[in-house]
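Novice: Based on what follows, work out the 3D shape:
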Amino acid sequence: MLPSSTVPFEENFKPAMRTAVPEKLLKVIDDIDTQGNASLTRLTVLKKWFERPGRLHVFGLWVARQAAGRKGKTHPDGAGALLDEARALLGSVATRESLFQQIDRETAQSLHHRARMFQNEFQKQQYGPVRIIHCWPLLLVEEGLALHAGLHRQPSSGYKLAADWAQHFDTRHGNGLNGPSRAKLQKLRRFMLSVEALEDER
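Specialist: As a prediction, the model looks like this:
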């Protein structure tokens, strides 16, 4: 049994070994520092990391908790209530115990469905219908719960969620990895190393 702790897991672990994929995020961070921006496609390296069983499940829950835990912003009517429900279900602080937390599958699927139905508006554009998103944190909760509940099982789904979570729009560079993305990538790297360390212990 793992020893208990209430310290957020990002600050509580010293991984036994580093793997190539988390280290590649350092190069992306360096490019943000030197060039101001990096393409979202740089995160495709994460697909290899997500091939290991269980990691998509853990990552989905982690991102959903990150997105739901941000308070203080005004959200469209109804979105705030769904985010409150997600916070109550997931908690707002990632701890050692919560990293491999099991959420009831039916509860996760129900919240996922309601979050998706809340933003189920599409607009016809030249290349096909485009989904209209009014509350980005709620979309991240939806996508995270889909991974956690096993509704999406492909490593590419993990990459897509990571890109959706880390991206930032900048008037100079457009939509990519820039500005606040740097801190998110550092946090993502710590998360990945922490998961690897716990996998070794388990």
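Novice: Give the residue spans of this structure that score low on pLDDT.
Specialist: Along the chain, the parts satisfying pLDDT under 70 run over 1-19, 71-74, 92-97, 202.
Novice: Give me the buried positions along stretch 179-188.
Specialist: For stretch 179-188, the neighbour count (16 or more other C-beta atoms under 10 Å) marks 179, 181, 182, 184, 185, 187, 188 as buried. The C-beta positions use only the backbone N, C-alpha and C, and glycine is treated the same way.
Novice: The fifth one contacts residue 29, correct?
Specialist: Yes: contact status for residue 185 versus residue 29: in contact at 5.4 Å, counting by C-beta atoms under 8 Å.
Novice: Look up how far residue 144 lies from residue 37.
Specialist: Per C-beta to C-beta, to the nearest Å, residue 37 is found 25 Å from residue 144.
Novice: These two - which one has more neighbours?
Specialist: Counted by other C-beta atoms under 10 Å, residue 37 and residue 144 do not tie: residue 144 has more neighbours, with 28 against 18.
Novice: Tell me where the chain has helices.
Specialist: Along the chain, the stretches classed as helices by DSSP state H are 9-12, 20-35, 46-49, 55-68, 79-90, 96-99, 105-118, 136-148, 155-166, 181-201.
Novice: and those helices as JSON lines, adding distance to residue 129?
Specialist: Converted to JSON lines, the helices of the chain look like this (distance: least, C-beta to C-beta, whole Å):
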{"stretch": "helix 9-12", "distance to residue 129": "38"}
{"stretch": "helix 20-35", "distance to residue 129": "32"}
{"stretch": "helix 46-49", "distance to residue 129": "26"}
{"stretch": "helix 55-68", "distance to residue 129": "24"}
{"stretch": "helix 79-90", "distance to residue 129": "21"}
{"stretch": "helix 96-99", "distance to residue 129": "37"}
{"stretch": "helix 105-118", "distance to residue 129": "15"}
{"stretch": "helix 136-148", "distance to residue 129": "16"}
{"stretch": "helix 155-166", "distance to residue 129": "18"}
{"stretch": "helix 181-201", "distance to residue 129": "28"}
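Novice: Go through those and name the closest to residue 130.
Specialist: In terms of C-beta to C-beta, the element of the helices of the chain nearest to residue 130 is helix 136-148, at 13.3 Å.
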